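>>> dropping a prediction and its sequence here:
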Amino acid sequence: MPLPPKLFYPICEIAGRWSVSPIDIVGWAKDGWIALSAALPLVEAKQGRPVEGLVEISGQEVLVPAAVRIAGRPRRTPPG
C-alpha cells in the first residue's frame, strides 16, 4: 500500500521546488498569499498560556533583521 501524500514541507524544500528564495516565501506569507504553520510540542506562550499542536505563524514573526526587503526590489508572485 503506498504512503499517503506529504501534507507539510519545510520552507527550504518548497523554495527549491519553486526556484525561489525562502525569504520570498516568508514575504508571501507576510502579504497574506500563503499560510505558514508549525507543529509544536507543549510550550509556554505569552502570559503563560500553554500551546501545542499545529499553529499558524505570521510571516511577520518569521522575518529577521537580515531578511528585510530591499526597497525597490521587484516582488515575485507565487507560482501557479
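Yep, that arrived.
>>> report the buried residues of the helix or strand hosting E61.
Using DSSP states H and E, E61 maps to helix 59-62. Buried residues in helix 59-62, counted by 16 or more other Cβ atoms under 10 Å: G59, V62. The C-beta positions use only the backbone N, C-alpha and C, and glycine is treated the same way.
>>> how many neighbours does I23 have?
I23 sits with 18 neighbouring residues when counted by other Cβ atoms under 10 Å.
>>> need the three-state assignment for the nearest residue to I34 once chain neighbours are set aside.
With Cβ to Cβ, 6 or more residues apart in numbering as the criterion, I34 has its nearest non-adjacent residue at 5.1 Å, and that residue is W28. Using DSSP: H, G, I helix; E, B strand; the rest coil, the secondary structure recorded for W28 is helix.
>>> shouldn't W28 be in contact with G59?
Yes - W28 lies in contact with G59 (Cβ atoms under 8 Å); the separation is 7.3 Å.
>>> show me what the one helix or strand in the chain whose mean pLDDT sits lowest is packed up against.
The least trusted helix or strand in the chain, going by mean pLDDT, DSSP states H and E, turns out to be helix 59-62, with a mean of 73. Judged by 3 or more Cβ pairs under 8 Å, 6 or more residues apart in numbering; DSSP states H and E, the packing partners of helix 59-62 are helix 22-30.
>>> off-centre distance for the helix holding E61?
Remark: helix 59-62 is offset 8 Å from the chain centroid, using Cα atoms, centre = their mean, to the nearest Å.
>>> since we're on the residue nearest to I34, how many residues are nearby?
Neighbours of W28 under the rule other Cβ under 10 Å: 19.
>>> pLDDT wise, what is it at?
Note on W28: pLDDT of 88.
>>> for P10, same thing?
Reported pLDDT for P10: 86.
>>> now do P65
In this model, P65 carries a pLDDT of 47.
>>> repeat for the one 4 residues further on
pLDDT, the model's per-residue confidence, is 47 for R69.
>>> ditto for R75
57.
>>> number the chain from 51, please
In the new count, where the first residue is 51, that last one comes out as R125.
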